[in-house]
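[1] Structure for this input, please:
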Amino acid sequence: MRRAPALNIPLSRVPERQGAPRSVLPPLVTVAEVDYSPCVLVAEHLGTEVAFERAFGSRWIAELVLLAALLSLVKIFNANFLAATRLLFAMGRRGLVVPALCSVHPRFGTPDIAVFLMAALTAGALLLGDAVLVPVAEVGSLSIGVGWLSACAAFLRRAPAGTPGRRTAWAGALVSLAIVMMKVVPGVPGSFTRTEWILLGGWSAVGLALWRARQAG
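    Numbers count the residues shown, from 1 in each chain. This next block holds a predicted model:
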């Protein structure tokens, strides 16, 4: 099966494109945190751009931070959308959900049904507002933590001792486990409220329905 052009990206070129932002960002964040700690930002309900503006005494750097945040949102949305559609495709090909989701466009070689489904869900979610989207994002954080933990655990189980990357996998497993615990342990700042648990149950019900539809098919 022909892969989509978006997937034909050499992994060796990724660090080259990300090296410059990594080298510039830490000094700027350090200067901002010297003047305004996270506790002050939360207590005074200040945005990150305000902290940068007051720390450097310049409005343009605040606007630069907002522009960078906007571009970062576009980047994150693109990456999440790409990953979500390919995940649905892989689940459909594996027989975990409705087989129609593993349909491939004859010309572009992309999972067209999965792309249309995710596009419709995304467009509908834009109309829900913060009251729903914020809890959905919290549930998504738990899902990402579970996914990272599962991937790292699978690698550690299958990779023999001495395999390159095992230390990284252990670090990833510990970090992702911490993320999961932060969400599910009551009393921890950022842990799930009743709303998040209800959304998690509803989302799990949707997954169960897709799995049963696969069995019926």
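
[2] Show me what the helix ranked longest in the chain is packed up against.
    Across the chain, the longest stretch assigned as helix under DSSP state H is helix 59-94. Here helix 59-94 touches helix 48-56, helix 112-125, going by 3 or more C-beta pairs under 8 Å, 6 or more residues apart in numbering; DSSP states H and E. C-beta here means a position set from N, CA and C on the backbone, and glycine is covered the same way.

[3] Please point out which parts of that helix sit buried.
    Under the neighbour-count criterion of 16 or more other C-beta atoms under 10 Å, helix 59-94 has 61-62, 65, 82, 84-89, 91-93 buried.

[4] And for stretch 184-194?
    184, 192.

[5] confidence score at residue 115?
    For residue 115, the model assigns a pLDDT of 92.

[6] Next: the one 5 residues further on.
    Residue 120 carries a pLDDT value of 92.

[7] ok, how many other residues are close to it?
    Using other C-beta atoms under 10 Å, residue 120 has 10 neighbouring residues.

[8] what's near enough to touch it?
    The contact partners of residue 120, by C-beta atoms under 8 Å, 6 or more residues apart in numbering, come to none.

[9] now swap in residue 214 and tell me
    So residue 214 contacts 95-99 (C-beta under 8 Å, 6+ apart).

[10] could you redo the last one with a cut-off of 10 Å?
    91-92, 94-101 (C-beta atoms under 10 Å, 6 or more residues apart in numbering).

[11] Mind putting those residues into JSON lines with pLDDT and distance to residue 210?
    Below are the contacts of residue 214 laid out as JSON lines (pLDDT from 0 to 100; distance: C-beta to C-beta, whole Å):
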{"residue": "91", "pLDDT": "87", "distance to residue 210": "8"}
{"residue": "92", "pLDDT": "87", "distance to residue 210": "9"}
{"residue": "94", "pLDDT": "86", "distance to residue 210": "13"}
{"residue": "95", "pLDDT": "84", "distance to residue 210": "12"}
{"residue": "96", "pLDDT": "84", "distance to residue 210": "8"}
{"residue": "97", "pLDDT": "84", "distance to residue 210": "4"}
{"residue": "98", "pLDDT": "82", "distance to residue 210": "6"}
{"residue": "99", "pLDDT": "83", "distance to residue 210": "11"}
{"residue": "100", "pLDDT": "84", "distance to residue 210": "11"}
{"residue": "101", "pLDDT": "85", "distance to residue 210": "8"}
